[in-house]
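Q: here are the coordinates; sequence isn't available:
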């Protein structure tokens, strides 16, 4: 499996506050899971759709994938890395860790 880069919730929170960067936050969970809450500013793109959307990501974007616990988003990172996209990160611990750290979610 390709090596993947990870970001923790503290660093992601800082990245999201900096409006000058090109962070694209992608939630790879199902729409039903997203309906229970998501990280503000994220876009829902279920894991099975990622292969169809590879060409829609800009090389200038920093792409951060997340899911419930980090397993599916790690798969998304590995896939993107295998396609030559290097600017992808996995949110370590997923939205579960985000919530455990007391960070906000939206519905």
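A: Yes, it's here. Since the model is a prediction, treat every value here as computed from it, not as a measurement.
Q: tell me, how many neighbours does the closest residue to residue 29 other than its chain neighbours end up with?
A: Leaving out its chain neighbours, the residue that sits closest to residue 29 by CB to CB, 6 or more residues apart in numbering is residue 67, at 5.1 Å. Where you see a C-beta, it was placed from the backbone N, CA and C, and this is true even at glycine. Look at residue 67: counted by other CB atoms under 10 Å, it has 24 neighbours.
Q: same question for residue 102.
A: Residues contacting residue 102 under the criterion other CB under 10 Å number 7.
Q: so what's the residue nearest to residue 29 up against?
A: 27-29, 47, 73, 94-95 (CB atoms under 8 Å, 6 or more residues apart in numbering).
Q: narrow those residues to those in helices?
A: Among the contacts of residue 67, the residues falling in helices (DSSP state H) are 73, 94-95.
Q: looking at those, spot the one nearest residue 40.
A: Closest approach to residue 40 among the ones in helices among the contacts of residue 67 (CB to CB): residue 95, at 11.6 Å.
Q: list the contacts of the worst-scoring helix or strand of the chain on mean pLDDT.
A: Using mean pLDDT, DSSP states H and E, the weakest-scoring helix or strand in the chain turns out to be helix 9-17, at a mean of 91. For helix 9-17, contacts defined as CB under 8 Å, 6+ apart pick out 7, 21, 23, 25, 39-41, 62, 64, 91-93, 97-98, 101, 103.
Q: most neighbours among the residues you listed, which one is it?
A: With neighbours set by other CB under 10 Å, the maximum within these is found at residue 91, which has 28 neighbours.
Q: wait, that residue sits on residue 64?
A: Yes - in this structure, residue 91 is within contact of residue 64 by CB atoms under 8 Å, at 6.0 Å.
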